[in-house]
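*Asks:* fold the following and give me the result.
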Amino acid sequence: MPKFAANLSMLFTELPFLERFAAAARAGFEAVEFLFPYEYAAGEIRQRLQENQLQLVLFNTPPGDVNAGEWGLAAIPGRSAEARRDIELALEYACQLGCPQVHIMAGVVPPGADRAY
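*Replies:* All right, here's what the predicted structure looks like:
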């Protein structure tokens, strides 16, 4: 039987983010995911997960500067130190939140960049 997780970045958007956990639980979800948790303390998110008996199953590493067209840094030549920092931050959140999976945002390699990086 498939298992479903509510993506709290996309669902229940009429509510503030931290209120979406309760909405997901009321809708019958047992698991949630979201794009980026970093504007909230891990403890705030952990509290919402526990209060609503939800499992966090996935979130992303920081995307970089989205306004500049960045969607991750892991595959961007010359940005490995920043990518490592972002991955370490994501791992801190994952450990604090009991999340078994983190999606590493590879990014969009600029035209003409060496793809053998």
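*Asks:* could I get the pLDDT score of residue 110?
*Replies:* pLDDT recorded at residue 110 is 84.
*Asks:* which residue ranges form the helices in the protein?
*Replies:* With helices called from DSSP state H, the chain shows them at 20-26, 42-51, 80-97.
*Asks:* can you tell me which of those is most buried?
*Replies:* The highest mean neighbour count among these, using mean count of other Cβ atoms under 10 Å, belongs to helix 20-26: a mean of 18. All C-beta spots, glycine's among them, are computed from the backbone N, C-alpha and C.
*Asks:* for it, the distance to its chain's centre please.
*Replies:* Distance of helix 20-26 from the chain centroid (Cα atoms, centre = their mean, to the nearest Å) equals 18 Å.
*Asks:* how about it as CSV, C-alpha atoms only?
*Replies:* Taking C-alpha atoms only, helix 20-26 is exported to CSV below (Å, rounded to 0.1, in the frame of the first residue of the first chain):
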residue,chain,number,x,y,z
ARG,A,20,-0.1,23.4,8.7
PHE,A,21,1.1,20.5,10.8
ALA,A,22,-2.2,20.3,12.7
ALA,A,23,-4.1,20.7,9.5
ALA,A,24,-2.2,17.8,8.0
ALA,A,25,-2.9,15.6,11.0
ARG,A,26,-6.6,16.6,10.9
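*Asks:* count of residues packed around residue 71?
*Replies:* For residue 71, the count of nearby residues is 14 (other Cβ atoms under 10 Å).
*Asks:* this completes my enquiry, with thanks.
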